[in-house]
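Colleague: here is my input, please return the structure:
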Amino acid sequence: MELSSEQSKYKKVLLQYLEEHQSLFLNEWNETRIINEIDPYKEKIKENGYEMFSLVMNTIKGSLSEEMLKQLAYKIAYERLEANINIGDFLYNINLGRNIMVRNVFGANIPIHNTQVFIDAINKHFDTFSYHAVTRYTNLKNKVIEEKNSFISENHKDKLAVLGQISSSFVHEFRNPLTAIIGFNKLLKRENPNLKYLDIIDYELNQLNFRITQFLHTSKADFNEEKRERLSVMELIEEIQQLTYASIVDASINVEIEFYSGLCVTASRDELKQVFLNLFMNAIDALKDKEQPRKLILHSFTERNELVINISNNGPAIASECTESIFEPFFTTKELGTGIGLYVCKKIIESNDGYMKCVSNDDLTTFSIHFPDNKMIDD
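Modeller: Residues are numbered from 1 along each chain as shown. Alright, predicted model coming up:
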């Protein structure tokens, strides 16, 4: 800060005035700043205020290095992070100190044309401090978030590893006899086509087989890329309707389909069928306890270079805080749910170059599947 001889004379006047009124300035700041009573560093805040005042005095003297200001900014940023303080409160307190200092510069009765240079110096001082403090605070906060995310990710991997071990035993013990029962049921249907309940038995066996497959998929860290082919979305939906026909009729659900009949995509047939079946069954479960009318709505459209397939139901809304976590493994809103179905759906869609979203309100709960439009084929 270069000063004229006249400004140098008034600098001494200002420094003497500020030094004489230091306690008044700091008391005003202490009485008006925002502080949480449970802040573990609340006693330190007052000390930091005195240190900041001292650095402002050095700035006016022209003897302050940016490194000194940075050290205080880093120290306070760390304390504010540890106190889990709102960044808005943090900045408010900084700017409150700035305003008090600038306002009281005028109390030194320095001619107005000589005042601006000191106000500019004080503003630059607080701007530099704010920059270093907020940058440090943000970097520290991001590091904490990354560490938490890493912990969550590792925790999920540990759970999936345990599930993989369970799945190996589960599949060995159940799939062989299940395959035999499915085979014998097919023989019974062929030899006794009019025998009641065989279709129901066949459906329930297929559902059990489907659940076992879900556990297998969930236990794998990565999904193997299965053969991709040109698929008619309507044909897949019709197959799912047949599989779930008994449940749809039993729950008196009205299915509405708004698809372009020639819509095709390139994807793994078995995997995409599994996704649709899971979303159908979830919708049916959600609608069972709802009063009429019960609606299951399927709608497809393109937007922003994406093919979007929506599967919606007018059952109870999913809480907003749950829609963010609903695709995580082991998270479920069902009383007896496993929390793996939607996770598997998400992983399957991602393995086919797409992604999934969930939006829910009092009118509709919608699970949307998004594919890049290069996956879409028009007939």
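Colleague: now the strands: where do they sit in the stretch 201-350 of the chain?
Modeller: Here the stretch 201-350 of the chain has its strands, by DSSP state E, counting those that start in this stretch, at 228-232, 253-258, 263-268, 294-303, 306-313.
Colleague: right, and these - which one's nearest Ile76?
Modeller: Of all these, strand 306-313 sits nearest to Ile76, with 45.8 Å by Cβ to Cβ. C-betas here are computed from N, CA, C, even on glycine.
Colleague: got the angle for that closest one vs strand 294-303?
Modeller: 170 degrees (axes from the mean of the first three to the mean of the last three Cα atoms, to 10 degrees).
Colleague: what pairs with strand 306-313, parallel or antiparallel?
Modeller: Sheet pairing for strand 306-313, assigned by DSSP bridges, gives strand 294-303 (antiparallel), strand 365-372 (antiparallel).
Colleague: what segments of the chain are helices?
Modeller: 5-20, 22-32, 42-61, 66-82, 87-105, 112-191, 198-218, 233-243, 245-250, 269-287, 320-323, 341-351 (DSSP state H).
Colleague: possible to save those as CSV with mean pLDDT, distance to Tyr260 and mean neighbour count?
Modeller: Below are the helices of the chain laid out as CSV (pLDDT from 0 to 100; distance: least, Cβ to Cβ, whole Å; neighbours: other Cβ atoms under 10 Å):
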stretch, mean pLDDT, distance to Tyr260, mean neighbour count
helix 5-20, 85, 75, 14
helix 22-32, 87, 64, 14
helix 42-61, 86, 63, 16
helix 66-82, 89, 53, 17
helix 87-105, 87, 48, 16
helix 112-191, 79, 35, 14
helix 198-218, 73, 28, 16
helix 233-243, 86, 8, 17
helix 245-250, 83, 23, 14
helix 269-287, 87, 16, 21
helix 320-323, 80, 28, 12
helix 341-351, 85, 20, 21
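Colleague: and Asn313, which of the ones you listed is closest to it?
Modeller: helix 269-287 (4.0 Å).
Colleague: packing partners of that closest one?
Modeller: Using 3 or more Cβ pairs under 8 Å, 6 or more residues apart in numbering; DSSP states H and E as the contact test, the elements touching helix 269-287 are helix 198-218, strand 228-232, helix 233-243, helix 245-250, strand 294-303, strand 306-313, helix 341-351, strand 365-372.
Colleague: nearest to Lys46, out of the ones you listed?
Modeller: Comparing the helices and strands packed on helix 269-287 by Cβ to Cβ, helix 341-351 comes nearest, at 50.4 Å.
Colleague: got the angle for the closest one vs strand 365-372?
Modeller: Using the same axes, to 10 degrees, helix 341-351 lies at 20 degrees relative to strand 365-372.
Colleague: from here on, count from 11
Modeller: Renumbered: residue one is now 11, and that last one reads helix 351-361.
Colleague: for the strands of the stretch 211-360 of the chain, give me CSV that also has distance to Ile55 and mean neighbour count.
Modeller: Formatted as CSV, the strands of the stretch 211-360 of the chain follow (distance: least, Cβ to Cβ, whole Å; neighbours: other Cβ atoms under 10 Å):
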stretch, distance to Ile55, mean neighbour count
strand 238-242, 61, 15
strand 263-268, 60, 14
strand 273-278, 58, 20
strand 304-313, 51, 17
strand 316-323, 50, 21
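Colleague: dump the ones you listed into a markdown table; add distance to Lys52 and mean pLDDT as well.
Modeller: As requested, the strands of the stretch 211-360 of the chain are exported to a markdown table (distance: least, Cβ to Cβ, whole Å; pLDDT from 0 to 100):
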| stretch | distance to Lys52 | mean pLDDT |
| --- | --- | --- |
| strand 238-242 | 61 | 86 |
| strand 263-268 | 59 | 88 |
| strand 273-278 | 58 | 84 |
| strand 304-313 | 51 | 88 |
| strand 316-323 | 51 | 90 |
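Colleague: and those: which comes nearest Leu82?
Modeller: The nearest among the strands of the stretch 211-360 of the chain, by Cβ to Cβ, is strand 316-323 at 49.6 Å.
Colleague: show residues contacting the closest one.
Modeller: 243, 273, 275, 286, 289-290, 293, 296-297, 304-312, 374-383, 385-386 (Cβ atoms under 8 Å, 6 or more residues apart in numbering).
Colleague: before we move on, back to that, so for Val369, which of the helices of the chain sits nearest?
Modeller: helix 330-333 (6.9 Å).
Colleague: how near is the spatially most central residue of the chain to Ser14?
Modeller: Centroid-nearest residue in the chain, with Cα atoms, centre = their mean: Glu334, separated by 5.8 Å. As judged by Cβ to Cβ, to the nearest Å, Glu334 and Ser14 stand 60 Å apart.
Colleague: next one: Glu249
Modeller: 87 Å.
Colleague: check Leu198 too.
Modeller: 106 Å.
Colleague: just Ser140 next, same as before
Modeller: Per Cβ to Cβ, Ser140 is found 29 Å from Ser14.
Colleague: and if you look at Lys54?
Modeller: From Lys54 to Ser14 the distance is 40 Å (Cβ to Cβ).
Colleague: Glu266 now?
Modeller: Where Ser14 is concerned, Glu266 sits at a distance of 81 Å (Cβ to Cβ).
Colleague: what do you get for Phe35?
Modeller: Counting by Cβ to Cβ - Phe35 and Ser14 are separated by 26 Å.
Colleague: domain map for the protein?
Modeller: Domain ranges of the chain: 15-158, 163-227, 236-388, per automatic domain parsing.
Colleague: what distance separates the first one from the centre of its chain?
Modeller: I take that to be domain 15-158. Put simply, domain 15-158 sits 35 Å off its chain's centre (Cα atoms, centre = their mean, to the nearest Å).
Colleague: what is the end-to-end distance of that domain?
Modeller: With Cα to Cα, to the nearest Å as the measure, the ends of domain 15-158 fall 57 Å from one another.
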